[in-house]
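> structure of the sequence below:
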Amino acid sequence: MAAPKLPPLPAEKGVWDEHVIDRRRFLEAALGVLAGIGGLLVAVPGARFLIGNSLEPSATKWVELGKIADLPVAAVTQVSYSTRATDAWREVNQRGTVYVSSADGGATFTVLDGTCTHLGCIVQWNEGDSRFVCPCHSGHFTREGEVIDGPPPHRLRQLAVKVQDGALFAEI
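Residues are numbered from 1 along each chain as shown. All right, here's what the predicted structure looks like:
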């Protein structure tokens, strides 16, 4: 609704100031500010409820990959694992593939996550070329997980390992 046209004032009283806020506009602005504050008071706890625990870092787990005596020391071995994990709201069965190798005859082990860093496909070890190959977009990685060729932006993730009671564990 347009503001009504104000009648002219006598010259000794000056002129109307068209830009001065009137009572109605002030109350509309105050109500808008209060509604905005009320909306924020509801939105912030609501957003926290929807996000849940997804912003908190998930706890890592040690997963047994196998007995040291059963792992071939000269080869790269594909090992699948399964463990229970808790995401933001529920407990799920987490599965994955890792590759275990030892460059020093079994004294130390290297464990690489088998998930390609490009789009999450599972890489395959090619014994003939001594490299990991991603079947989705032809990403190539060295035995140590470094990118050789293709679209992957990062190396394969190397996992922390420990040996306990004759078994090899990786921190997932």
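
> element containing Phe132, please.
Following DSSP states H and E, one finds Phe132 within strand 131-133.

> tell me which other helices or strands that strand touches.
strand 124-126, strand 140-141 (3 or more Cβ pairs under 8 Å, 6 or more residues apart in numbering; DSSP states H and E). To be clear about C-beta, it is placed using only N, CA and C from the backbone, and glycine gets the same treatment.

> what pairs with the last one, parallel or antiparallel?
Strand 140-141 has the following strand partners under DSSP bridges: strand 131-133 (antiparallel), strand 147-149 (antiparallel).

> got it, and the first one?
Strands adjacent to strand 124-126 in the sheet, as given by DSSP bridges, are strand 131-133 (antiparallel).

> chain center to the strand it pairs with: distance?
25 Å (Cα atoms, centre = their mean, to the nearest Å).

> nearest to Tyr81, out of the helices and strands packed on strand 131-133?
Among those, strand 124-126 comes nearest to Tyr81, with 16.4 Å by Cβ to Cβ.

> who touches that closest one?
By Cβ atoms under 8 Å, 6 or more residues apart in numbering, the residues outside strand 124-126 that reach it are 76, 78, 99, 131-135.

> the residues you listed: which two are farthest apart?
Within these, Val76 and Pro135 form the most distant pair, 16.4 Å apart (Cβ to Cβ).

> compare neighbour counts for these two and give me the winner.
Taking neighbours as other Cβ atoms under 10 Å, Val76 and Pro135 compare with Val76 leading, 18 against 11.

> these two touch, right, the more buried one and Val98?
No: Val76 is beyond contact range of Val98, at 10.6 Å (criterion: Cβ atoms under 8 Å).

> and the strands paired with strand 140-141: which comes nearest Ala30?
strand 147-149 (59.2 Å).

> got the buried residues for that closest one?
By 16 or more other Cβ atoms under 10 Å, the buried positions in strand 147-149 come out as Val147.

> and for stretch 95-114?
So stretch 95-114, judged by 16+ other Cβ under 10 Å, has buried residues 96, 98-102, 109-114.
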